[in-house]
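# take this sequence and fold it.
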Amino acid sequence: MKRVKFGDLKIQKLNRVALPNSLLENLDLKPSDDVELFLDIESNEIIIKKIKVRKNEK
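Take a look at the predicted model:
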């Protein structure tokens with residue numbers, strides 16, 4: 001897996017994490033887009049994956 005670092009983040013109140021605009025732009029993510037969240041228990045890493053939704057599903 002290739003990695004690109006987009007900076008360090010802090011967990012905010014209400015357990016939220018704000019993703020950098022540069023990351024959202026690179027993934028073409030917009031507010032209200034659907035994503036999947038995974039935990040890799042071997043590497044202790046969180047993975048966010050964009051969900052491809054068919055046009056007739058929204």
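# now the helices for the chain?
Counting by DSSP state H, the chain has helices at residues 21-26.
# where exactly do the strands run in it?
For the chain, the strands defined by DSSP state E cover 35-40, 45-50.
# closest to residue 28 out of these?
strand 45-50 (7.7 Å; C-beta to C-beta). (Glycine included, C-beta is placed from N, CA and C.)
# direction included, what does the closest one pair up with?
Partners of strand 45-50 in the sheet, by DSSP bridges, are strand 35-40 (antiparallel).
# burial check on residue 39, number of neighbours?
Residue neighbour count, defined by other C-beta atoms under 10 Å, stands at 10 for residue 39.
# that one touches residue 46, doesn't it?
Yes: between residue 39 and residue 46 there is a contact at 6.0 Å, judged by C-beta atoms under 8 Å.
# just put the strands of the chain in a markdown table and tack on distance to residue 28.
As requested, the strands of the chain are exported to a markdown table (distance: least, C-beta to C-beta, whole Å):
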| stretch | distance to residue 28 |
| --- | --- |
| strand 35-40 | 12 |
| strand 45-50 | 8 |
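# of those, which stretch is the most buried?
Highest mean neighbour count of these: strand 45-50, a mean of 12 (counted as mean count of other C-beta atoms under 10 Å).
# got the CA positions of that one in PDB?
The C-alpha trace of strand 45-50 is given here as PDB (Å, rounded to 0.1, in the frame of the first residue of the first chain):
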ATOM      1  CA  GLU A  45      -4.700   1.900  11.300                       C
ATOM      2  CA  ILE A  46      -8.000   3.500  10.300                       C
ATOM      3  CA  ILE A  47      -8.900   3.300   6.600                       C
ATOM      4  CA  ILE A  48     -11.500   5.600   5.000                       C
ATOM      5  CA  LYS A  49     -12.800   4.400   1.600                       C
ATOM      6  CA  LYS A  50     -15.000   6.300  -0.800                       C
END
